[in-house]
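S.K.: What shape does this take:
(2 chains)
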Amino acid sequence: MEYFFQQLINGVTLGSIYGLIAIGYTMVYGIIGMINFAHGDIFMVGAFIALIFIVAFSITAAMPIALLVLALIGVLIVSMALTAAWGWTVERIAYRPLRGSFRLAPLITAIGASIALQNFVQISQGARNKPLQPLIPGGFSLSDGGADGSGFAVQLSYSQILIIVVTLALMIGFTLLINKTSLGRAQRACEQDRKMASLLGINVDRTISLTFVMGAALASVAGLMFLLYYGVIDFYIGFLAGVKAFTAAVLGGIGSLPGAMLGGLLIGLIETFWSGYFSVEYKDVAAFSILAIVLIFMPEGLLGKPEVEKV
Amino acid sequence: MSSWDINPVLTIEHLTMRFGGLVAVDDLSFNVGRGDITALIGPNGAGKTTVFNCLTGFYKPTEGRIVMNRLNGEHFLLERMPDFQISAHAKVARTFQNIRLFGGMTLLENLMVAQHNPLMVASGYTIGGIFGLTSFRKAEREAVERACYWLEKTGLVDRADAPAADLPYGDQRRLEIARAMCSGPELLCLDEPAAGLNPKESAELNALLQYIRKEHQTSILLIEHDMSVVMEISDHVVVLDYGEKISDGTAAAVKDDPKVIAAYLGVPDEEVDAVEEEVGI
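M.R.: Numbers count the residues shown, from 1 in each chain, chains lettered A, B, ... in the order given. As a prediction, the model looks like this:
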């Protein structure tokens, strides 16, 4: 039972990171019907920007706790802003000029942008793994494994708490933003009928740019969380994380915001439980098999809206 | 000189729209009088909707110019403006022949989307809104009030929180007009607002349009096939056939124009008398 709880905690943590990235996929898909394959790499860039600032300001676990928290918040804000600028730039140079061309064209430039970002980071930062000393060591021990040490010790680390809390807060904030603000309404309007939205005075190009900016900002949060949790990044992390998050978005129903969060959580849990109980090597196979099975029975994903055609 | 030529809200000059070899609109000029209800009529394929599409930035006209004269004295050349600015700055709104509502959003949200620009400014581009800026709260409240006002005028206020796609057809038509009015237009362009409406709904529509014109200083330009609507409420009728203007005048004058009758009956001008005798008009 203790083992199960430990896997649950790990799975929710991983799922939170996937969920944050998946939101970027699902929002962009919702608004322009395109899979932004460079999104995983935006997440990677976010992680690198965070690492650069952490190293540059020599933020370590040895700092007083209040200062450390402040420093991390500072790093988060700066990396969100810079990553958002990256997201905006990618949209501006790789996708906007192709708006109105055939559907596959931006897909190809998305793959191009992804490769370009990877190679840029590889060349500018080097191809080796970049380690980071744990910034938030320690945690709660929920179960010490019994007096004789025969049981399983369940650990809930502070960094896991941080990840789950930050993700939860961002997702709530984000849902409110989409549902309650004028900007969110404009985004949903563009999602349904871009031409009509622009006839009502909405600057569609700007709304799309803002969607990319928001997605990139969330991905950069995920990047920082990934960095804090695993303590090691390289220029290639964006690929697998991106594919997983994309899977999560499809699993939850692409275009649906709660779907992306749910999908991320599920993919994270499946992966962790599979590697916990069966084999680590086949965790990706398990995740993708579940995707295939779900899509056979629910082609629109778990929370996606089925397309109803009026006859 | 007719009343609509004195202080027009919209001036269309030598508008030509070609699609390859097809001339959809050919050297069309007319004025839309301020405060008038102007009808643009003509047989199917005459180019009416093309004129609307040029007006609202869907198409860039091949030739000609379209001038919007706002109440505050500003002039806008619509053919040069990107479509979102036509609504935001030139204050021209339109509806569609095939209704284009945001089906997944509620009625209220549909009307709020139309007020996006003032709300964005009031909310400091969302950032101020998040921190609960009072000017934003006030603007949001006013926007909801305005939306409710139009929902009441169109008789839809009971269903404010229902998804727009669930409305019956006639209600969707009225909601589209309400949404257009929420953007605060000075010129409202309606593409076949009475299409598919029953006689009772059609009469309600007439009343609504006359109310809009009277109370809101909004001029109306409409495309319509339903002659009862056209004849009853229009101050000024422009008739198109094959992209060219064939008649322009008051409803009564246009009705008796042999060219118009010929166009609708599909015969050359000189045969109109013969046909009229035959059918006994």
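
S.K.: residues from chain B in reach of chain A?
M.R.: Selection of chain B residues close to chain A by Cβ under 8 Å from any Cβ of the partner chain yields B:56-58, B:82-88, B:93-94, B:96, B:100, B:102-105, B:109, B:112-117, B:119-120, B:123, B:125-126, B:129-130, B:140, B:179, B:183. The C-beta positions use only the backbone N, C-alpha and C, and glycine is treated the same way.

S.K.: Any of these buried? List them.
M.R.: Applying 16 or more other Cβ atoms under 10 Å in any protein chain shown to the residues of chain B next to chain A, the neighbour count classes B:56-58, B:83-88, B:93-94, B:96, B:100, B:102-103, B:105, B:109, B:112-117, B:119-120, B:123, B:126, B:129-130, B:140, B:179, B:183 as buried.

S.K.: If you count neighbours, what's buried in stretch A:235-242?
M.R.: Applying 16+ other Cβ under 10 Å to stretch A:235-242 flags A:235-239, A:241-242 as buried.

S.K.: one step back: give me the subset of the residues of chain B next to chain A that lies in helices.
M.R.: When DSSP state H is applied, these are split such that B:83-88, B:109, B:112-113, B:116-117, B:119-120, B:129-130, B:140, B:179 fall in helices.

S.K.: Would you enumerate the residues in contact with A:Trp88?
M.R.: A:Trp88 makes contact with A:209, A:212-213, A:216 under the criterion Cβ atoms under 8 Å, 6 or more residues apart in numbering or on different chains.

S.K.: how near is it to chain B?
M.R.: Distance, A:Trp88 to chain B, using Cβ to the nearest Cβ, to the nearest Å: 15 Å.

S.K.: same deal with A:Ile32?
M.R.: 16 Å.

S.K.: just A:Ala47 next, same as before
M.R.: A:Ala47 is 26 Å from chain B, by Cβ to the nearest Cβ.

S.K.: and the gap between that residue and A:Ser220?
M.R.: 8 Å (Cβ to Cβ, to the nearest Å).

S.K.: got it, and B:Gly64?
M.R.: Distance from B:Gly64 to A:Ser220, by Cβ to Cβ: 49 Å.

S.K.: Of those two, which one has the most company?
M.R.: Each of B:Gly64 and A:Ser220 has its neighbours counted (other Cβ atoms under 10 Å in any protein chain shown); A:Ser220 has more, 32 against 17.

S.K.: Now the phi/psi pair for that one, please.
M.R.: When quoted as degrees, to the nearest 10, the phi and psi of A:Ser220 stand at phi -70, psi -30.

S.K.: Now do the SS call for the spatially closest residue to it that is not a sequence neighbour.
M.R.: Leaving aside its sequence neighbours, A:Ser220 sits nearest to A:Gly46 (Cβ to Cβ, 6 or more residues apart in numbering or on different chains; 2.9 Å). Per DSSP: H, G, I helix; E, B strand; the rest coil, the secondary structure class of A:Gly46 is helix.

S.K.: you'd agree A:Gly46 is up against A:Leu218?
M.R.: No: counting by Cβ atoms under 8 Å, A:Gly46 does not reach A:Leu218; the two are 9.1 Å apart.

S.K.: Just give the nearest non-adjacent residue to residue 229, would you?
M.R.: In the absence of a named chain, this looks at chain A. A:Ser159 (5.6 Å).

S.K.: you looked at the wrong chain, it should be chain B
M.R.: Spatial nearest neighbour of B:Val229, chain neighbours left out: B:Ala194 (4.8 Å); criterion: Cβ to Cβ, 6+ apart.

S.K.: Same check on A:Ile9?
M.R.: Computed as Cβ to Cβ, 6+ apart, the closest residue to A:Ile9 that is not its neighbour in sequence is A:Leu156, at 5.6 Å.

S.K.: quick one, strands of the stretch 101-250 of chain B?
M.R.: B:187-191, B:219-223, B:236-241, B:244-249 (DSSP state E, counting those that start in this stretch).

S.K.: want to throw those into CSV with distance to B:Glu13 and mean neighbour count?
M.R.: What follows is the strands of the stretch 101-250 of chain B, written out as CSV (distance: least, Cβ to Cβ, whole Å; neighbours: other Cβ atoms under 10 Å in any protein chain shown):
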stretch, distance to B:Glu13, mean neighbour count
strand B:187-191, 16, 24
strand B:219-223, 16, 25
strand B:236-241, 14, 24
strand B:244-249, 12, 19
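
S.K.: Ok, which of those comes nearest A:Ile9?
M.R.: The closest of the strands of the stretch 101-250 of chain B to A:Ile9 is strand B:187-191. By Cβ to Cβ, the value is 58.3 Å.

S.K.: so what does the closest one touch, helix or strand wise?
M.R.: Applying 3 or more Cβ pairs under 8 Å, 6 or more residues apart in numbering or on different chains; DSSP states H and E, one finds that strand B:187-191 contacts helix B:48-55, strand B:92-94, helix B:169-182, strand B:219-223.

S.K.: so which of these gets nearest B:Asn69?
M.R.: Nearest of the helices and strands packed on strand B:187-191 (Cβ to Cβ): strand B:219-223, 10.1 Å.

S.K.: tell me the angle that closest one makes with helix B:48-55.
M.R.: 140 degrees (axes from the mean of the first three to the mean of the last three Cα atoms, to 10 degrees).

S.K.: Averaged pLDDT, strand B:219-223. What do you get?
M.R.: Taken as a whole, strand B:219-223 has a mean pLDDT of 90.

S.K.: mind listing what it pairs with, with the direction of each?
M.R.: Using DSSP bridges, the strands paired with strand B:219-223 are strand B:37-41 (parallel), strand B:187-191 (parallel).

S.K.: Residues of the stretch 101-250 of chain A that sit close to chain B?
M.R.: Residues of the stretch 101-250 of chain A lying near chain B by Cβ under 8 Å from any Cβ: A:177, A:181-183, A:185-186, A:188-189, A:192-193, A:195-204.

S.K.: can we see that at 7 Å?
M.R.: Within the stretch 101-250 of chain A, the positions adjacent to chain B are A:181-183, A:185-186, A:188-189, A:192-193, A:196-204 by Cβ under 7 Å from any Cβ of the partner chain.

S.K.: Worst mean pLDDT across the helices and strands of the chain, which element?
M.R.: Using chain A. strand A:139-143 (a mean of 77; mean pLDDT, DSSP states H and E).

S.K.: Chain B, not that one
M.R.: Sorted by mean pLDDT, DSSP H and E, the helices and strands of chain B bottom out at helix B:127-130, which shows a mean of 60.

S.K.: can you confirm A:Ser101 is in a strand?
M.R.: No: A:Ser101: not assigned to a strand; according to three-state DSSP it is coil.

S.K.: any idea how far chain B is from it?
M.R.: From A:Ser101 to chain B the distance is 18 Å (Cβ to the nearest Cβ).

S.K.: before we move on, what about A:Gln125?
M.R.: 32 Å.

S.K.: Looking at A:Gly46 and A:Leu218, which one has more neighbours?
M.R.: Set A:Gly46 next to A:Leu218 and count neighbours by other Cβ under 10 Å: A:Gly46 wins out with 32 against 29.

S.K.: quick one: the more buried one and A:Ala219 touch, right?
M.R.: Yes: between A:Gly46 and A:Ala219 there is a contact under Cβ atoms under 7 Å: 5.5 Å.
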